[in-house]
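# model this:
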Amino acid sequence: MSKLNILVIDDEANIRKTLTVFLESRDHRVKSVSGFRGALEEAVLARYDLALVDLRLGTESGLDLVQPLVKSCPWMKIVVITAYASIDTAVEAMKRGAADYITKPFDPSRLEAVLEHIGTMCETEQPHAALRDLAGISTADASLFSREPSMQRTFELAAQVAASEAVVMLLGQSGTGKTVLARAIHRMSGRAQKPFGVISCPSLNHELLESELFGHVKGAFTGALKDNPGRVAACEGGTLFLDEIGDLPLSIQPKLLRFIQEREYERVGDQATRKADVRIIAATNTDLRKAVDEGRFREDLYYRLNVVQIDLPSLAERPNDIEPLAESMLEYFNTSNQKAVPGFTREVLGIFREYPWPGNIRELRNVIERAVILGGEEPIGIELLPESMSAKKSALRIGDPVSLETIKEQHIRRVLAETSSLQDAALILGIDQATLWRKRKQLGIH
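Numbering: from 1, shown residues only. The predicted structure is shown next:
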């Protein structure tokens, strides 16, 4: 039988203990929690193959936890457990995404059969899940493969580096899937059962960023009302992904370099030196070599981060993937929105092929989701696309009969596409980097 990572969700301590002892005696790895919040937090922190969910969790129904868990972890199998068995609840559990249903008190042979069945399912699906993750896309974001040699090379390199402990640098435009690829590398590594954390470097000011990374003690600065262990400590044994590393302040760079080299750090306001075993994966859409030459990035940190470099091509460089990606996303959003939009018109597919996709896969995903939400029973036509995507409006001029928001959006997209760093784009637009980062997120081009 496959050894599974199992999450037990039951509000009765005795049941949690009994299940844990039973499962661990079969060499499964087990974590138990008592309710909704703990279950959802654990689903983010670690990868589980199976969740055993009690039907009654205090005043809440375990059935209401099935879909959030499936949405958070599409690979996880859900088995509902209850002392209140009925045909109706069994059917409802399966409709919501549960893989099986067992009753209390537990029959050991029935539980063994369920575990064996789930183990077989996980073994069968594992290659497909790995391939999907390697594609740099979640279930909502794309198909299981790429037709483009450049992307296939990216997948192969990611699989090779995943088994190592090397620091990895992901290079690519915003929206090309760097975060998802980083998560895929983590899941294929020996650290897969440990936490995966993400920090977006331009999203916080210097003080808060250092605190988020290394933690702080109470009173370290204004607003530090309690101790914060920091993301490094939270990811012990796992992986920390530093997005947009090119925007890391110079004052924090030597501290990150020291941590990568020595695995040592101090919390803000604390003199005690701490250690942590955390793998670093970084990503940027800027030219870090240029940033080094301009004195904005430390050369020693640049070389320490750039042990293995993986380039993600833009969506415009993957023309043969656009249509299959769009079709896969359409299928996903039809299911998640309970729609049956049948496809795309030829005109829309033509626009997809010609459009430059400055927001890359993220932008395509947002376009498809919007069209499904607004669409009906007809194929997606041009009327369901954002104004900025029509051929006529792809080269807007001041005075064209379009909204001010459309002009602002296109201007931001073009400036981001034509500049080498978030800092340069912010200077041109006359706004600070944090504001531009939020604008990118709102427009779906982050």
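# ok, how many other residues are close to the residue lying closest to Ala83 once chain neighbours are set aside?
Of all residues not flanking Ala83 in the chain, Lys104 sits nearest, at 4.1 Å (Cβ to Cβ, 6 or more residues apart in numbering). C-betas here are computed from N, CA, C, even on glycine. Neighbourhood size, Lys104 [other Cβ atoms under 10 Å]: 15.
# grab the nearest non-local neighbour of Gly97.
Closest residue to Gly97 apart from its sequence neighbours, by Cβ to Cβ, 6+ apart: Val70 at 4.2 Å.
# in the protein, which residue is closest to the centre?
Val180 (4.9 Å; Cα atoms, centre = their mean).
# quick check, it in a helix?
Yes - with DSSP: H, G, I helix; E, B strand; the rest coil as the criterion, Val180 is located in a helix.
# and it, how far from Asn285?
Distance of Val180 to Asn285, computed by Cβ to Cβ, to the nearest Å: 15 Å.
# what's the answer for Leu213, then?
Distance from Leu213 to Asn285, by Cβ to Cβ: 20 Å.
# kindly report the same for Leu384.
29 Å.
# cool, Arg183 as well?
Arg183 is 18 Å from Asn285, by Cβ to Cβ.
# the two: which has the busier surroundings?
Asn285 (23 against 20).
# so that one makes contact with Gln173?
Yes - Asn285 sits in contact with Gln173 when judged by Cβ atoms under 8 Å, with a separation of 5.3 Å.
# and Val8, that's in a strand?
Yes - applying three-state DSSP, one finds Val8 inside a strand.
# ok, it - contacts?
For Val8, the contact set (Cβ atoms under 8 Å, 6 or more residues apart in numbering) comprises 16, 19-20, 23, 30-33, 51-52.
# please enumerate residues in contact with whichever strand or helix holds Thr89?
Per DSSP states H and E: Thr89 is located in helix 87-96. If you take Cβ under 8 Å, 6+ apart as the criterion, helix 87-96 is touched by 55, 63, 66-67, 70, 78, 80, 82, 101.
# distance between that helix and the chain's centre?
Offset of helix 87-96 from its chain centre (Cα atoms, centre = their mean, to the nearest Å): 30 Å.
# what comes up buried for that helix?
Neighbour-count burial for helix 87-96, with 16 or more other Cβ atoms under 10 Å as criterion, is recorded at 89-90, 92-93, 96.
# repeat that for stretch 426-442.
426, 429, 433, 436-437, 439-440.
# averaged pLDDT, that stretch. What do you get?
Averaged over stretch 426-442, pLDDT sits at 81.
# try stretch 163-173
93.
# and the end-to-end length of it?
Length of stretch 163-173, first residue to last, Cα to Cα, to the nearest Å: 25 Å.
# pull the residues that contact that stretch.
161, 178, 181-182, 185, 188-190, 245, 260, 279-285, 304-314, 358, 360, 417.
# can I get the CA coordinates of stretch 4-18 in PDB?
Extracted as PDB, the C-alpha positions of stretch 4-18 are listed here (Å, rounded to 0.1, in the frame of the first residue of the first chain):
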ATOM      1  CA  LEU A   4       0.000   8.600   2.300                       C
ATOM      2  CA  ASN A   5       0.100  12.100   3.800                       C
ATOM      3  CA  ILE A   6      -3.300  12.200   5.600                       C
ATOM      4  CA  LEU A   7      -5.100  15.100   7.300                       C
ATOM      5  CA  VAL A   8      -7.700  14.100   9.900                       C
ATOM      6  CA  ILE A   9     -10.400  16.600  10.600                       C
ATOM      7  CA  ASP A  10     -12.600  15.800  13.600                       C
ATOM      8  CA  ASP A  11     -13.900  17.800  16.500                       C
ATOM      9  CA  GLU A  12     -13.600  14.800  18.900                       C
ATOM     10  CA  ALA A  13     -10.100  14.500  20.400                       C
ATOM     11  CA  ASN A  14     -10.500  10.700  21.000                       C
ATOM     12  CA  ILE A  15     -11.400  10.100  17.400                       C
ATOM     13  CA  ARG A  16      -8.400  12.100  16.200                       C
ATOM     14  CA  LYS A  17      -6.100  10.100  18.500                       C
ATOM     15  CA  THR A  18      -7.600   6.800  17.500                       C
END
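# any idea what Lys168 is bridged to?
No Lys there; residue 168 is Val. For Val168, the beta-bridge partners under DSSP bridges are Ile281, Val308.
# count of residues packed around it?
Val168, neighbours per other Cβ under 10 Å, totals 25.
# following element in sequence after the worst-scoring helix or strand of the chain on mean pLDDT, please.
Ranking every helix and strand in the chain by mean pLDDT, DSSP states H and E puts helix 108-134 at the bottom, with a mean of 68. Note on helix 108-134: by DSSP H and E, the next helix or strand toward the C-terminus is helix 149-162.
# and the helix holding Thr89, C-alpha only, in CSV?
The C-alpha coordinates for helix 87-96 follow below in CSV (Å, rounded to 0.1, in the frame of the first residue of the first chain):
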residue,chain,number,x,y,z
ILE,A,87,-28.0,7.7,1.4
ASP,A,88,-28.7,11.4,1.0
THR,A,89,-25.6,12.6,2.8
ALA,A,90,-23.5,10.0,0.9
VAL,A,91,-24.8,11.3,-2.4
GLU,A,92,-24.3,14.9,-1.4
ALA,A,93,-20.7,14.2,-0.3
MET,A,94,-19.9,12.7,-3.7
LYS,A,95,-21.6,15.5,-5.5
ARG,A,96,-19.4,18.0,-3.7
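# only whichever of the contacts of stretch 163-173 are buried, select them in ChimeraX.
Per 16+ other Cβ under 10 Å, the buried members of those correspond to this ChimeraX selection:
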select :161,178,181,182,185,188,189,245,260,279,280,281,282,283,284,285,304,305,308,310,312,313,314,358,360,417
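# pretty sure Ser32 sits in a strand.
Yes - inclusion of Ser32 in a strand is indicated when three-state DSSP is applied.
# spit out the contact partners of it.
Ser32 touches 7-10, 16-17, 19-20, counting by Cβ under 8 Å, 6+ apart.
# contacts for the helix or strand encompassing Val79?
Val79 is located in strand 77-82, with elements delineated by DSSP H and E. Outside of strand 77-82, the residues within contact range by Cβ under 8 Å, 6+ apart are 10, 49-56, 62-63, 66, 69-70, 89-90, 93, 97-104, 106, 114, 118, 121-122.
# look up how far Gln253 lies from Ala159.
30 Å.
# mind listing the strands for the chain?
5-9, 29-33, 50-54, 56-57, 60-61, 77-82, 100-103, 168-171, 196-200, 239-243, 264-266, 273-275, 279-284, 308-311 (DSSP state E).
# now tabulate those in JSON lines and tack on distance to Glu323.
JSON lines is the format used below for these (distance: least, Cβ to Cβ, whole Å):
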{"stretch": "strand 5-9", "distance to Glu323": "36"}
{"stretch": "strand 29-33", "distance to Glu323": "41"}
{"stretch": "strand 50-54", "distance to Glu323": "36"}
{"stretch": "strand 56-57", "distance to Glu323": "44"}
{"stretch": "strand 60-61", "distance to Glu323": "41"}
{"stretch": "strand 77-82", "distance to Glu323": "32"}
{"stretch": "strand 100-103", "distance to Glu323": "37"}
{"stretch": "strand 168-171", "distance to Glu323": "25"}
{"stretch": "strand 196-200", "distance to Glu323": "30"}
{"stretch": "strand 239-243", "distance to Glu323": "29"}
{"stretch": "strand 264-266", "distance to Glu323": "47"}
{"stretch": "strand 273-275", "distance to Glu323": "49"}
{"stretch": "strand 279-284", "distance to Glu323": "27"}
{"stretch": "strand 308-311", "distance to Glu323": "23"}
